[in-house]
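Dropping a prediction and its sequence here:
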Amino acid sequence: QVQLVESGGGLVKSGDSLRLSCAVSGRMYARYAIGWFQQAPGKEREFVAAIRWGTRMINSADSVKGRFNIWRDNAKDTVYLQLNDLKPEDTAVYHCAAGDDQYYAFPPSTSEAYIYWGQGTQVTVSS
């Protein structure tokens, strides 16, 4: 069992930055991945970025490359998502999730690969 708690969301202006945190507890394995997904009102959940727990291999959506960065802090068992140059279209609830990615070549971008989910943190970007 894995528990995930997100934090760091808020209301910001276009061009601002935020750092989201995903605190991980429970039984994690090196073959697991932590993914970040965003869900805007009325839209489907979309992949943002993911990192493999053991090797720290990263996979990011093309739409966020150059603006969003993901990394893991070993000492804190926390995965961070740095959001830079935020735009109004980045407004969404951001969820982190954990899942076994041993059958994937890269940390998976599909939500079906993840079985543990956090409650989400709201990011609102005003123009």
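Everything's here; your move.

alpha carbons only for contacts and neighbour counts from here, please
Noted.

Now the residue minimising distance to the centre of the chain: closest residue in space, sequence neighbours ignored.
Nearest to the centroid of the C-alpha atoms of the chain, with distances taken as CA atoms, centre = their mean, sits residue 36, at 2.0 Å. Nearest non-adjacent residue to residue 36, counting by CA to CA, 6 or more residues apart in numbering: residue 96, 4.4 Å away.

Pop out the phi and psi values for that neighbour.
phi -110, psi 150 (degrees, to the nearest 10).

how close does it sit to residue 15?
23 Å (CA to CA, to the nearest Å).

Same check on residue 44?
Taken as CA to CA, the span from residue 44 to residue 15 is 24 Å.

ok, now which ones touch the residue nearest to residue 127 when sequence neighbours are not counted?
With sequence-adjacent residues excluded and distances taken as CA to CA, 6+ apart, residue 127 is closest to residue 14, at 5.2 Å. Taking CA atoms under 8 Å, 6 or more residues apart in numbering, we find residue 14 in contact with 85, 86, 87, 88, 125, 126, 127.

list the buried ones in stretch 39-57?
Neighbour counts over stretch 39-57 (16 or more other CA atoms under 10 Å) mark 39, 40, 45, 46, 47, 48, 49, 50, 51, 52, 53, 56 as buried.

For stretch 111-127, buried residues please.
111, 113, 114, 117, 118, 120, 121, 122, 123, 124, 125, 126.

Which residues does that stretch contact?
Applying CA under 8 Å, 6+ apart, the contact partners of stretch 111-127 are 2-14, 35, 37, 45, 47, 86-101.

Run through the bridge partners of residue 116.
residue 98 (DSSP bridges).

Make 37 the starting number, not 1.
Sure, I'll start numbering at 37, so the last one becomes residue 152.
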